[in-house]
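**Student:** What follows is a protein structure lacking sequence information:
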């Protein structure tokens, strides 16, 4: 975040952990900050398709809902 969301996104996109929901969630957050709503929604959906606890799921579902408004 010190270098901005574009730099963070570039770094995250180099990480290969497709089954790790927090990677998708972090990517979604950076895309949301960049106002790339469609890509952010897709990343939130990717995160939500994976195993996580209820609190994380509720939070990510809320973020996804915010993008629709």
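**Tutor:** That came through, no problem. Everything numeric here is computed off the predicted structure, so don't read it as measured data.
**Student:** Quickly find the element holding residue 2.
**Tutor:** According to DSSP states H and E, residue 2 maps onto no helix or strand at all.
**Student:** start the count at 31, not 1, going forward
**Tutor:** Fine by me, first position is 31 from now on; the one you just mentioned is residue 32.
**Student:** Just read off the phi/psi values of it.
**Tutor:** phi -60, psi -30 (degrees, to the nearest 10).
**Student:** got a pLDDT number for it?
**Tutor:** On the pLDDT scale, residue 32 is placed at 87.
**Student:** Can you give me the distance of residue 51 to residue 36?
**Tutor:** Residue 51 is 23 Å from residue 36, where distance means Cβ to Cβ, to the nearest Å. From N, CA and C alone the C-beta is placed, and that goes for glycine too.
**Student:** and what of residue 71?
**Tutor:** 19 Å.
**Student:** These two: which has the busier surroundings?
**Tutor:** residue 71 (19 against 11; other Cβ atoms under 10 Å).
**Student:** Now find how far off-centre the longest helix along the chain is within its chain.
**Tutor:** Longest helix of the chain, by residue count under DSSP state H: helix 84-98. How far helix 84-98 lies from its chain's middle: 10 Å, per Cα atoms, centre = their mean, to the nearest Å.
**Student:** What of stretch 82-90?
**Tutor:** With Cα atoms, centre = their mean, you get 13 Å for stretch 82-90.
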